[in-house]
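Enquirer: this one's structure only:
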């Protein structure tokens, strides 16, 4: 009888313990634990790419998506705040291209080439163990993304080209049309600045950048091509113009102004090679972009199976100008 009582008591205790375990499993976690699901820590560092330190910043969960900024000579910071919603479904890997942002500057300017930047992207992929990944490139970053795809396509899951181009000669024609559309007196002002040379003027610290008068003028000209729906209230042509690294810009874009690319970048012609790209590709462009939408239409025609989205009422910064629409399109494409 005593043995039966003991067994019965043990059974009751075991049942009570199991009930507590089940209740604990079904209970909502404490608020502190719930907060962890909403947190998106950032991890930053540098990758040594063939002797050049390349900055990276990683945030988000899911399949890796590398972000390539514009320029040449911009930085990841112009994209990061607007693309953060993508971190809910993808691990975003922002980088600063060589010489830009927080990445190492080069003493030998001839090291600023698209080919070298392609290998920098590959170095970051390998160092971070990304495996197959997607790339989103904006403006010049889109050209860089195409160059990467043509060399390392086996490593890509998909490609997103935003407000970009595949031919410098075609882009130069687009920029020339913008200049030609200006009132005659404005064109004359531009010509005076450019014919006098845009570098080497003013105080010693001013000689390696455009004159403020030229920056102000081209900033006002390009503003309607940058924004349409949501103009940035903080936009300032002088600040915006000086955000780029001038040494990279001068080496790659060229010395003769914003309406022609005649630096080392002028040889970048990928249009005829685009049919070799077979990964899923999304091409997006603002309908008011100075990089005429016809440039994106050409890329769409050359990359079989690609998807083209012309973003309405949007300029060159379509990711900012129509942010909700932009994020929706990218998210649907990736997932």
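Expert: Yep, it's here. Just so you know, these numbers come straight off a predicted model, no measurement behind them. Residues are numbered from 1 along each chain as shown.
Enquirer: Just confirm residue 221 contacts residue 182, I think it does.
Expert: Yes - using C-beta atoms under 8 Å, residue 221 and residue 182 qualify as a contacting pair, with a distance of 6.6 Å. (Glycine included, C-beta is placed from N, CA and C.)
Enquirer: Now the common contact residues for the two.
Expert: In terms of C-beta atoms under 8 Å, 6 or more residues apart in numbering, residue 221 and residue 182 are both contacted by the residues residue 190.
Enquirer: The two: who's more crowded?
Expert: The neighbour count for residue 221 versus residue 182, taken as other C-beta atoms under 10 Å, is higher for residue 221 (21 against 15).
Enquirer: any idea how far residue 181 is from that one?
Expert: Applying C-beta to C-beta, to the nearest Å, the value for residue 221 to residue 181 is 10 Å.
Enquirer: so how far is stretch 97-110 off the chain centroid?
Expert: Chain-centre distance of stretch 97-110: 17 Å, with C-alpha atoms, centre = their mean, to the nearest Å.
Enquirer: quick one: contacts of it?
Expert: Outside stretch 97-110, the residues within contact range by C-beta under 8 Å, 6+ apart are 46, 49, 52-55, 68-69, 71-77, 95-96, 111-112, 116-117, 120, 141, 144, 245, 247-248, 251, 264.
Enquirer: Now list the buried members of these.
Expert: Among the contacts of stretch 97-110, the ones that count as buried by 16 or more other C-beta atoms under 10 Å are 46, 49, 52, 54-55, 68-69, 71-76, 95-96, 112, 116-117, 120, 141, 144, 245, 247-248, 251, 264.
Enquirer: all helices of the stretch 1-150 of the chain, in order?
Expert: For the stretch 1-150 of the chain, applying DSSP state H, counting those that start in this stretch gives helices covering 2-26, 31-38, 80-83, 114-127, 140-152.
Enquirer: Which positions in the fourth one come out as buried?
Expert: Of the residues in helix 114-127, 114, 116, 117, 118, 119, 120, 121, 123, 124, 125 count as buried by neighbour count, 16+ other C-beta under 10 Å.
Enquirer: Also the shortest one?
Expert: Neighbour-count burial for helix 80-83, with 16+ other C-beta under 10 Å as criterion, is recorded at 80, 82, 83.
Enquirer: Packing partners of that helix?
Expert: In terms of contact count using 3 or more C-beta pairs under 8 Å, 6 or more residues apart in numbering; DSSP states H and E, helix 80-83 is assigned the packing partners helix 318-321, helix 323-334.
Enquirer: how does it look with 7 Å?
Expert: Helices and strands touching helix 80-83, by 3 or more C-beta pairs under 7 Å, 6 or more residues apart in numbering; DSSP states H and E, are helix 318-321.
Enquirer: Any idea how far the helix it packs on is from the middle of the chain?
Expert: On the basis of C-alpha atoms, centre = their mean, helix 318-321 sits 12 Å off its chain's mean C-alpha point.
Enquirer: same question, stretch 108-127
Expert: Here stretch 108-127 is found 16 Å from its chain centre; the criterion is C-alpha atoms, centre = their mean.
Enquirer: For the nearest residue to residue 161 once chain neighbours are set aside, grab the count of nearby residues.
Expert: Distance criterion C-beta to C-beta, 6 or more residues apart in numbering; nearest residue to residue 161, sequence neighbours excluded, is residue 142 at 4.1 Å. As a burial measure, residue 142 scores 29 neighbours (other C-beta under 10 Å).
Enquirer: ok, the buried residues of helix 114-127 vs residue 290, which is closest?
Expert: Residue 290 lies nearest to residue 114 out of the buried residues of helix 114-127, by C-beta to C-beta, at 20.8 Å.
Enquirer: Can you show me the strands along the stretch 101-250 of the chain?
Expert: With strands called from DSSP state E, counting those that start in this stretch, the stretch 101-250 of the chain shows them at 133-138, 156-162.
Enquirer: Just the angle for the first one relative to helix 140-152, thanks.
Expert: For the pair strand 133-138 and helix 140-152, the angle between their directions (axes from the mean of the first three to the mean of the last three C-alpha atoms, to 10 degrees) equals 150 degrees.
Enquirer: Compute the inter-axis angle for strand 133-138 and helix 323-334.
Expert: Using the same axes, to 10 degrees, strand 133-138 lies at 150 degrees relative to helix 323-334.
Enquirer: Show me what the nearest residue to residue 130 once chain neighbours are set aside is bridged to.
Expert: Nearest in space to residue 130, with sequence neighbours left out and distances taken as C-beta to C-beta, 6+ apart, is residue 64 at 4.4 Å. Each beta-bridge partner of residue 64 is listed here: residue 91, as defined by DSSP bridges.
Enquirer: count of neighbours near residue 64?
Expert: By other C-beta under 10 Å, 20 other residues sit near residue 64.
Enquirer: Pop the domain breakdown of this structure in here.
Expert: Under the assignment named as automatic domain parsing, the residue ranges that make up the domains of the chain are 39-167+268-334, 170-264.
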